[in-house]
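# Here is the input, now give the coordinates:
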Amino acid sequence: MIGLARAIRALTISADPVHQRVVQACRDFPEMIAGPNRMSTKIMKTHPGVFMKSGAESVMVASVPDGRTYAFKVNDGGLRSREAITAAGLKLLGVDADIELEKVYGGGQVVGSIRATF
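Numbering: from 1, shown residues only. As a prediction, the model looks like this:
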């Protein structure tokens, strides 16, 4: 994950015109990166400058224009906690993504939510 975060950071802050074009194309057309209804696509559309890419088995990387970047992988590959981790990570980068967190039910009623702490 450290290598992934470093690579995306390097791409995000690169002065190379080719790198800048690639990152800007991703930001301009986020639906081509993940699909039209994906969380990362929605965040990139509503928060200009954010670059995000999700991967298999709950891998996620996000970067902002100044180079601050984070990456994570949910060990069991489950999707249940991905939104909470993404929201918390983006908040650390100064992005309030307004991601709806999954609710935890017990006895047919909401008894909690999934939260991420760093």
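
# Next, work out how far apart the nearest residue to residue 38 once chain neighbours are set aside and residue 76 are.
Excluding its sequence neighbours, the residue lying closest to residue 38 (CB to CB, 6 or more residues apart in numbering) is residue 54, at 6.7 Å. All C-beta spots, glycine's among them, are computed from the backbone N, C-alpha and C. Shown here: residue 54 relative to residue 76, a distance of 16 Å by CB to CB, to the nearest Å.

# Any chance of the backbone angles for the residue located most distally from the centre of the chain?
In the chain, residue 107 marks the outermost C-alpha relative to the chain mean, sitting 32.1 Å out by CA atoms, centre = their mean. According to degrees, to the nearest 10, the main-chain angles of residue 107 amount to phi 60, psi 30.

# so is residue 36 in a helix, a strand, or just coil?
The three-state label given to residue 36 by DSSP: H, G, I helix; E, B strand; the rest coil is coil.

# Count the neighbours of it for me.
10 (other CB atoms under 10 Å).

# and the residue nearest to residue 38, what is it in contact with?
34, 38, 39, 40, 60, 82 (CB atoms under 8 Å, 6 or more residues apart in numbering).

# mind checking the SS state of residue 60?
Three-state call for residue 60 (three-state DSSP): strand.

# Would you mind listing the residues in contact with it?
Each residue near residue 60 by CB under 8 Å, 6+ apart is listed here: 40, 52, 53, 54, 71, 72, 73, 82, 85, 86, 89.

# now those as TSV including secondary structure and pLDDT?
Shown next, in TSV, are these (DSSP: H, G, I helix; E, B strand; the rest coil; pLDDT from 0 to 100):
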residue	secondary structure	pLDDT
40	helix	92
52	strand	95
53	strand	95
54	strand	92
71	strand	96
72	strand	96
73	strand	96
82	helix	89
85	helix	93
86	helix	92
89	helix	93
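
# Buried subset of those as a PyMOL selection?
Filtering those down to the buried ones (16 or more other CB atoms under 10 Å) takes a single PyMOL command:
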select buried, resi 40+52+53+54+71+72+73+82+85+86+89
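
# Out of the contacts of residue 60, which comes closest to residue 1?
residue 71 (4.5 Å; CB to CB).
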